[in-house]
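# Have a look at this prediction, sequence included:
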There are 2 protein chains.
Amino acid sequence: MQDMFGRSSIGPSGEATLSEKSSRSDIVYRLLRQAILEQALRPGTKLAEDTIADHFKVSRTSVRAALVRLNAEGIVDLRANKGACVAEPTLEEARDIFALRRMLEAEVIRRLVADLDSADVKRLEQHVKQEEAALSDHGPLSIRLAGEFHILLAELTGSQALARFVREIVSRCSLILARFARLHSPECAVDEHVQIIRALQSRDTATAERIMLEHLHAVELRAELDIDKTEPDISAVLQRYARKG
Amino acid sequence: MQDMFGRSSIGPSGEATLSEKSSRSDIVYRLLRQAILEQALRPGTKLAEDTIADHFKVSRTSVRAALVRLNAEGIVDLRANKGACVAEPTLEEARDIFALRRMLEAEVIRRLVADLDSADVKRLEQHVKQEEAALSDHGPLSIRLAGEFHILLAELTGSQALARFVREIVSRCSLILARFARLHSPECAVDEHVQIIRALQSRDTATAERIMLEHLHAVELRAELDIDKTEPDISAVLQRYARKG
DNA sequence: ATCAACATGATTGTATACAATATTGACGAC
DNA sequence: GTCGTCAATATTGTATACAATCATGTTGAT
């Protein structure tokens, strides 16, 4: 749910500028993005322009604009004359992205420990409450809220740039989980988020940072990146089905 | 100059995917981006679709796609029904971005110290040589190469994600310099880049990191962010010209 | 003269039409 | 029957046409 006004205040949306545009291409952008991040559209899914345009009752023009944006964010792959697919991060990319995420979010923690006020804590606790409420349905909402907790943390630092990068990297981690994790349960345990809030309140940088890193490690474990479940390359797969077996 | 082949191998371009697309919208994207980063198009400049389309002899469609991408990178501001402008980072944003840049590039240094090989050094030295050659003309090329040195460093870490973020943040720093620095001379001194290479070769993390941070600090000083030269808000300016003076 | 309402032109947002490229199935040579 | 070639179809890339919104200058009432 948004706030009581129509627009999502400072909420973790994905807009590039602050102006609350709601053109058709923006609507398509937001809906596609949400569908991908909620894992309704899995990595590799073909995103045919006509199909999407027909579904949303808009022209391909608006769809294309949305796809270009999503491609710029790295959650959609766009090959020339071949159309768009939901991005499929490789295992290597996945590890790379998680490593960078740890670095970014550690920085978030360090900054928040320095100047987190009670209003911030309140917002975080409210968010966690939402997460708990959504926990029952085991559905897309739960997945999305888990990611948005981390985005909210980044936004509370007051650094637009940092928040921007965290938003992008969290999105890509969602994709990674969608691709590799066996059960697509919420990628973050709610109680781990509670722990993070507590650690921040304690103003103990080292501890808070450690808890965040443990949390991210746990998330990464859920992705089971050690197990190679990736079978993207047809020919590699078919190696095992040799001609005259 | 690129490499001996047509395409820029791993060169610091800005493509979102790896495929060497050269559609019209991509051409417009690259040229606009270059023009902005070389400070030919200064912050605040209106980017009217028709004007650009006419100039490049393409349709507005291609121009719009380019503008959407540039907006996603934070180089262009896009207000609904009002068109596009070259982004104008505020002073606050500028400091924020530089702070994040220091963090990211410190990470680059730490990673490179660990596993930089001689081939990497060679590429870096080649790049610096280009910088020196371009130094004489004091022009756009020099500005661009200075930024690309940092991008090259990030790429040599082998981390696509890190390189991506560095590329984006270096771009935005170019914008900041374009907006605030008095003389738009190359923002990085070439000899400082040489020092960085030397420090990396010494395998001394602490020193290398220190030199990089000093370098970035020097760049930030050239931006003169302490001096507020920004007069964006008309009404604020006109406060000083009261009605009945 | 001042200001508001309106009309005109300019610019952006969207849809449609066309061109270029890729995909797929059919046909024919061997 | 297998393979290559080509035609038919589908999908993407681009241009143009139209609709919606904004900027601006004019008119007219006060």
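Received the coordinates, thanks. Model, not experiment: these values are computed from the prediction.

# Leaving out sequence neighbours, find the closest residue to the residue in chain A positioned nearest to DNA strand D.
Chain A approaches DNA strand D most closely through residue A:83 (2.8 Å), counting by C-beta to the nearest atom of the strand. All C-beta atoms are positioned from the backbone trio N, CA, C, and that covers glycine. Nearest non-adjacent residue to residue A:83, counting by C-beta to C-beta, 6 or more residues apart in numbering or on different chains: residue A:48, 6.3 Å away.

# Relative to residue B:161, how far out is that neighbour?
Using C-beta to C-beta, to the nearest Å, one obtains 28 Å as the distance from residue A:48 to residue B:161.

# Could you do residue A:223 as well?
Applying C-beta to C-beta to residue A:223 and residue B:161 gives a distance of 15 Å.

# What helix or strand is the spatially most central residue of chain A located in?
In chain A, the residue lying closest to the centroid (C-alpha atoms, centre = their mean) is residue A:171, at 2.4 Å. Applying DSSP states H and E as the criterion places residue A:171 in helix A:160-180.

# Repeat that for residue A:85.
strand A:83-86.

# cool, and residue A:68?
Element membership of residue A:68 [criterion: DSSP H and E] is helix A:60-72.

# rewinding a little: and the closest residue to the residue nearest to the centre of chain A other than its chain neighbours, how many residues sit next to it?
Spatial nearest neighbour of residue A:171, chain neighbours left out: residue A:75 (5.6 Å); criterion: C-beta to C-beta, 6+ apart. Applying other C-beta atoms under 10 Å in any protein chain shown, we find 23 residues neighbouring residue A:75.

# How about stretch A:132-147, which residues are buried there?
A:134, A:135, A:140, A:141, A:142, A:143, A:144, A:145, A:146, A:147 (16 or more other C-beta atoms under 10 Å in any protein chain shown).

# residues contacting the nearest residue in space to residue A:153 that is not next to it in sequence?
Spatial nearest neighbour of residue A:153, excluding adjacent residues (C-beta to C-beta, 6+ apart): residue A:108 at 5.3 Å. Residues near residue A:108 by C-beta atoms under 8 Å, 6 or more residues apart in numbering or on different chains: A:153, A:154, A:157, A:162, A:166, A:212.

# Next: residue A:134.
Contacts for residue A:134 were tallied using C-beta under 8 Å, 6+ apart; they are A:141, A:142, A:145.

# The strand or helix carrying it: what's the following helix or strand?
Using DSSP H and E, residue A:134 falls within helix A:118-134. Next helix or strand after helix A:118-134 toward the C-terminus (DSSP H and E): helix A:140-156.

# now the angle from that next one to helix A:160-180?
150 degrees (axes from the mean of the first three to the mean of the last three C-alpha atoms, to 10 degrees).

# Domain ranges for chain A, per the record?
The record, using automatic domain parsing to delimit domains, assigns chain A the ranges A:24-86, A:91-223.

# where does residue A:89 fall, helix, sheet strand or coil?
Judged by DSSP: H, G, I helix; E, B strand; the rest coil, the three-state class of residue A:89 is coil.

# For chain A, which residues are neighbours of DNA strand C?
Within reach of DNA strand C by C-beta under 7 Å from any atom of the strand, chain A has these residues: A:23, A:24, A:25, A:57, A:58, A:59, A:60, A:61, A:62, A:65, A:81, A:82.

# pLDDT wise, what is the last one at?
According to the prediction, residue A:82 has pLDDT 96.

# Any chance of the backbone angles for it?
With angles defined as degrees, to the nearest 10, residue A:82 sits at phi -120, psi -10.

# next one: the second one
Main-chain dihedrals, residue A:24, degrees, to the nearest 10: phi -60, psi -40.

# Repeat that for the fifth one.
Phi and psi for residue A:58, reported as degrees, to the nearest 10, are phi -130, psi 180.

# Tell me, how many residues neighbour it?
Neighbours of residue A:58 using other C-beta under 10 Å come to 17.

# wait, doesn't it sit right on residue A:24?
Yes: checked against C-beta atoms under 8 Å, the pair residue A:58 and residue A:24 is within contact range at 4.8 Å.

# The residue of chain A found nearest chain B: what's it in contact with?
Nearest residue of chain A to chain B: residue A:72, at 3.5 Å (C-beta to the nearest C-beta). Residue A:72 is in contact with B:16, B:68, B:69, B:72, B:73, counting by C-beta under 8 Å, 6+ apart.

# Skipping adjacent residues, who's closest to the fourth one in space?
To tie it back to what came earlier, the one meant is residue B:72. Distances taken as C-beta to C-beta, 6+ apart place residue A:72 nearest to residue B:72, at 3.5 Å, with adjacent residues excluded.

# now do the second one
Distances taken as C-beta to C-beta, 6+ apart put residue A:68 closest to residue B:68, at 5.0 Å, once the chain neighbours are dropped.

# what does the last one give?
Nearest-residue entry for residue B:73: residue B:168, 5.9 Å, with adjacent residues in sequence omitted and distances by C-beta to C-beta, 6+ apart.

# And the helix or strand where residue A:217 lies, what's buried?
Residue A:217 belongs to helix A:205-223 when assigned by DSSP H and E. Buried residues in helix A:205-223, counting neighbours by 16+ other C-beta under 10 Å, are found at A:205, A:208, A:209, A:211, A:212, A:215, A:216, A:219, A:220, A:222, A:223.

# and the third one, what does it touch?
Translated: residue A:209. With C-beta under 8 Å, 6+ apart, residue A:209 has these contacts: A:106, A:109, A:110.

# What separation is there between residue A:84 and residue A:74?
Taken as C-beta to C-beta, the span from residue A:84 to residue A:74 is 13 Å.

# before we move on, what about residue A:175?
Applying C-beta to C-beta, the value for residue A:175 to residue A:74 is 8 Å.

# what secondary structure does residue A:51 sit in?
Secondary structure state of residue A:51, per three-state DSSP, is helix.

# Please work out how many residues are found near it.
Residue A:51: 11 surrounding residues under other C-beta under 10 Å.

# interface residues of chain A facing chain B?
By C-beta under 8 Å from any C-beta of the partner chain, the residues of chain A that approach chain B are A:16-17, A:19, A:21, A:23, A:61, A:64-65, A:68-69, A:71-74, A:77-80, A:93, A:96-97, A:99-100, A:103, A:107, A:159-162, A:164-165, A:169, A:172.

# Show the buried residues in those.
For the residues of chain A next to chain B, a burial check counting by 16+ other C-beta under 10 Å picks out A:16, A:21, A:64-65, A:68-69, A:71-74, A:77-78, A:93, A:96-97, A:99-100, A:103, A:107, A:159-162, A:164-165, A:169, A:172.

# Out of these, which are close to DNA strand D?
Within those, those near DNA strand D by C-beta under 7 Å from any atom of the strand are A:64, A:78.

# coming back round to it: list the buried residues for the strand holding residue A:85?
A:84, A:85, A:86.

# I'd like the C-alpha coordinates of that strand written as CSV, please.
C-alpha atoms of strand A:83-86 as CSV (Å, rounded to 0.1, in the frame of the first residue of the first chain):
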residue,chain,number,x,y,z
GLY,A,83,13.9,-8.1,-28.7
ALA,A,84,13.9,-8.1,-25.0
CYS,A,85,14.2,-10.8,-22.3
VAL,A,86,14.2,-10.7,-18.6
